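[1] Sequence first, then the predicted structure:
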Amino acid sequence: MHCRLKHLLSGVATKGQPRSGQASVQVLGLLLISMAVGALSVDAGLFYAHHQGMQNAADAAAHAAASELFKYTPAVNGSALSTIQLRMQSARAKARTLSESNQDMAIDDADIDFGYINPATGAYDPSTFETPTNNAAFAQTAGYNAVRVTVRAERGGLNSPVPALFAKFLGAQDFNSYAQAIAIYGGSVSGMTGLRPLYVCQAGYDQAVALFGDASKPTVRFYGDTLTVGGTDVDQASSCGALGPGNWGLADFDGGGGGSKQLGEVMRDGYDGVVNVGEWYGPKPGNAINANGVETALEKLKNNGTVIAIPLYSQTTGNGKNAQFKISSIQGFVITKYKAQGNDSYVEGHFVKGYCHAGCSISNSSGGGTLTRLRLIR
C-alpha cells in the first residue's frame, strides 16, 4: 500500500514548484522585456543628447540677442524708436546666426521675443512696444529687460524631430522636442573678477553720469589728489575720504604687496580674484604708475580701446600702507589718455554703459553710465 501511494505521488508536482516549461516561458518573457527596455533607453539617450544640443542653442541665442539688444546705440536720425527697432532686428539676426553656426539649429523670428521679467515674481511678460525717450540708452526704457528664445524640433518645422530607432517598432517614428532660454538684463554687479587696480571716488562717477547725454561722454581724469569730471574739480577728500600720505589710488586687492611686475600684470590682464562691493581693500602705496610694466599695460589698454572694470570707493580709513578703501560699486571705463611721469601723473577716459555676464568679464560696452549684469535665468 505504501509503495503504491509513493508511486502515484511521484508524477504529481508539489504545490509551488513550477514545471520546467513554465520557467522557460517566464525567463523568455523577462528577457524580451529587458531587451525592450534597453532599446527604449537607447532612444531616450538619443533624445536627451539632441535636446541638450537644442538647449545649448537656445542659451547661446538668447545671450547673443540680449547682448545686441542692450548695448548702447545713439539714436538714429533723432529717433530712438527707430534705434530700438533696428536693435531688435539685429538681436534676432545675431541669435539666428549663432544658433545655426554653432548648433546647426534654425530659429524662427517669431520664437525670438522681447519682454519684461518682474523682479519681484520672476514672471516673464512679453511686452507691448512703447515709444522710448530720445535718451533711451537701454531697451528696458521701452518696457524690455529680457529676451526669450525657443528652439523647436517638430514635423513641418525648421528643425526635424528626433528620429526613433527602436521605438518605431511600437509605432513611434519620431519625437518632438522644445528648448527655451531667457536672458535678463538688470541688477548691478556686486562682485567680479578681472578688475584693474585703479581706485576712483564714487562722486566722480556720479557727476559723470549726471552730465552724460546721447552726444557726450564727459572726460574723467583721476590719480592721486586729482579728480576732474568734464574739466571741473571734484572734492574727493570730502566726498569719499582722503587717500592718505603715500597713496595715489592704486589697488592691492589681495594685500600681498607685490612689486611693480605684479602690478603691471594686474593692470594688463585684470585681477584673477573676486572683488566684492561693500568690502574693504588696501592700496598699493607709492607712485608706481610709471613702473615699466604698468605703463606698458596702460598704453596697450589705451591703444586697443579696451573696456576695463574698475572699483569705485565711497569711504577710506587709515593711512599709508594701513589705509583701506570701501568699494561702493564696480563700473566700466575706457582709457583715452594718461601721463605716467612725475607728481602730475593721471589717467583719463570716460565711464561706459555696459554689462557683464557669467564670470563678469565686460563685453559690448559703449556709451556712458552703469555696469549691469546680463545673465541666463532659465
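    Received it, and whenever you're ready, just let me know what you need. Numbers count the residues shown, from 1 in each chain.
[2] buried residues in whichever strand in the chain runs longest?
    Assignment by DSSP state E gives strand 324-339 as the longest strand of the chain. Within strand 324-339, the residues scored as buried using 16 or more other CB atoms under 10 Å are 324-335, 338-339. For the C-beta atoms, the positions are set from N, CA and C on the backbone; glycine is no exception.
[3] same deal with stretch 44-64?
    The neighbour-count check on stretch 44-64 (16+ other CB under 10 Å) flags 46-47, 50-51, 53-64 as buried.
[4] Out of the residues you listed, list just those in helices.
    46-47, 50-51, 53-64 (DSSP state H).
[5] Among those, pick out the one closest to Gly255, please.
    His63 (34.9 Å; CB to CB).
[6] wait, isn't that closest one in contact with Ile182?
    No. Applying CB atoms under 8 Å as the test, His63 and Ile182 come out as separate, 10.1 Å apart.
[7] Keeping just the C-alphas, turn the longest strand of the chain into CSV.
    The C-alpha trace of strand 324-339 is given here as CSV (Å, rounded to 0.1, in the frame of the first residue of the first chain):
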residue,chain,number,x,y,z
GLN,A,324,41.6,100.8,3.4
PHE,A,325,39.1,101.7,0.6
LYS,A,326,35.4,100.6,0.8
ILE,A,327,34.2,99.5,-2.6
SER,A,328,30.8,101.1,-3.4
SER,A,329,30.3,99.9,-7.0
ILE,A,330,32.1,98.4,-10.0
GLN,A,331,32.0,100.3,-13.3
GLY,A,332,33.2,100.1,-16.8
PHE,A,333,35.9,102.6,-18.0
VAL,A,334,37.8,103.3,-21.2
ILE,A,335,41.2,104.9,-21.0
THR,A,336,41.8,107.5,-23.7
LYS,A,337,44.9,109.3,-22.3
TYR,A,338,47.4,109.0,-19.5
LYS,A,339,50.6,110.6,-18.1
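[8] and the angle from the next helix or strand after it to strand 324-339?
    Note on strand 324-339: by DSSP states H and E, the next helix or strand toward the C-terminus is strand 346-352. Put simply, strand 346-352 runs at 100 degrees to strand 324-339, going by axes from the mean of the first three to the mean of the last three CA atoms, to 10 degrees.
[9] average pLDDT across strand 346-352?
    Across strand 346-352, pLDDT averages out at 90.
[10] Relative to that strand, what are the paired strands and their orientations?
    strand 220-223 (antiparallel), strand 324-339 (antiparallel) (DSSP bridges).
[11] Need the residues that contact the shortest one.
    So the one you mean is strand 220-223. The contact list for strand 220-223, computed with CB atoms under 8 Å, 6 or more residues apart in numbering, reads 198, 200-201, 204-205, 208, 227-229, 248-249, 289, 333, 345-351.
[12] just the buried members of the residues you listed?
    Judged by 16+ other CB under 10 Å, buried ones among those: 198, 200-201, 204-205, 208, 227-229, 248-249, 289, 333, 345-351.
[13] Contacts made by the helix or strand in which Glu265 is found with the rest, please.
    With secondary structure defined by DSSP H and E, Glu265 is part of helix 260-269. If you take CB under 8 Å, 6+ apart as the criterion, helix 260-269 is touched by 194, 196-198, 250, 253, 256, 284, 288, 291-294, 296-298, 300-301.
[14] hmm, 7 Å instead?
    Outside of helix 260-269, the residues within contact range by CB atoms under 7 Å, 6 or more residues apart in numbering are 196-197, 250, 284, 288, 291-294, 296-298, 300.
[15] State the number of residues packed around Ala120.
    6 (other CB atoms under 10 Å).
[16] Would you mind measuring from it to Ser99?
    Ala120 sits at a distance of 31 Å from Ser99 (criterion: CB to CB, to the nearest Å).
[17] now swap in Gln341 and tell me
    Counting by CB to CB - Gln341 and Ser99 are separated by 51 Å.
[18] which one of those two has more residues nearby?
    Using other CB under 10 Å, the more surrounded residue of Gln341 and Ser99 is Ser99, with 27 against 10.
[19] That one belongs to a helix?
    Yes. Assigned with DSSP: H, G, I helix; E, B strand; the rest coil, Ser99 falls within a helix.
[20] ok, it - contacts?
    So Ser99 contacts Ala57, Ala60, Ala61, Met105, Ile107, Val151 (CB under 7 Å, 6+ apart).
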